[in-house]
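S.K.: The following block contains a protein sequence and its predicted model.
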Amino acid sequence: MYYAVQAARSAGIPVIFDAGGMDSPIPQELLNYVDILSPNETELGRLTGMPTESFEDIAQAAAKCHKWGVKQVLVKLGEKGSSLFIEGEEPIQQPAIFAKKVLDTTGAGDAFTAAFAVALVEGKSKKECLKFAAAAVSLCVQVKGAIPSMPDRKSVLELLNYH
């Protein structure tokens, strides 16, 4: 059932699982293959059954995911930015890169996770991955619609040059 994630893991490809739309618990068999779980704070609360109102709440919910065997939890926090919780390390926080005008947040979480993955496989540090993803989201929310709002690499790098 989990052939794709098994194959990715066997090939040394990091497995990032975006928890968007998950209403039920994630099967442990799948979590065994996940390198990075990427929920937003609402999804994290739903998956863990824990509150996610404060940063401390979110950290405790991420710790519960660590107990499930997920070593890294990448939490999307909307206008509050993002945080990466790596088991046994201090969390890495990235503030949002604010957009001049927010038109539509559809696809922002997907843009974030995809941009993070791109930066990760390119060998950037986790901090750089978070910043790259924040820039992608900043551009994404300025365009209406999910597909049209996905930024290209050139635009993300140009935005990062200003920050």
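M.R.: Nice, thanks for sending it over. Residues are numbered from 1 along each chain as shown.
S.K.: Check residue 162 and give its pLDDT.
M.R.: On pLDDT, residue 162 comes in at 66.
S.K.: no, scratch that, I was asking about residue 158
M.R.: pLDDT, residue 158: 88.
S.K.: ok so it is a strand residue?
M.R.: No. Residue 158: not assigned to a strand; according to DSSP: H, G, I helix; E, B strand; the rest coil it is helix.
S.K.: Tell me, how many residues neighbour it?
M.R.: Using other C-beta atoms under 10 Å, residue 158 has 13 neighbouring residues. For glycine as for every other residue, the C-beta is placed from the backbone atoms N, C-alpha and C.
S.K.: For residue 109, see how far away it is.
M.R.: Between residue 158 and residue 109 the computed distance is 22 Å (C-beta to C-beta, to the nearest Å).
S.K.: again, but for residue 126
M.R.: In this view, residue 126 and residue 109 are 18 Å apart by C-beta to C-beta.
S.K.: again with residue 124
M.R.: 20 Å.
S.K.: Pick out whichever of those two has more residues nearby.
M.R.: residue 109 (20 against 15).
S.K.: Got the phi and psi for the more buried one?
M.R.: In this entry, residue 109 is assigned phi and psi values of phi -60, psi -40 (degrees, to the nearest 10).
S.K.: With adjacent residues omitted, what lies nearest to it?
M.R.: residue 76 (5.3 Å; C-beta to C-beta, 6 or more residues apart in numbering).
S.K.: residues contacting that neighbour?
M.R.: Neighbouring residues of residue 76 by C-beta atoms under 8 Å, 6 or more residues apart in numbering: 38, 39, 40, 41, 82, 108, 109, 112, 113.
S.K.: let's see 7 Å
M.R.: Residue 76 makes contacts with 38, 40, 82, 109, 112, as judged by C-beta atoms under 7 Å, 6 or more residues apart in numbering.
S.K.: Identify the bridge partners of it.
M.R.: residue 40, residue 82 (DSSP bridges).
S.K.: quick one: it from residue 64, how far?
M.R.: Counting by C-beta to C-beta, the gap from residue 76 to residue 64 is 17 Å.
S.K.: try residue 38
M.R.: Taking C-beta to C-beta as the measure, residue 38 falls 15 Å from residue 64.
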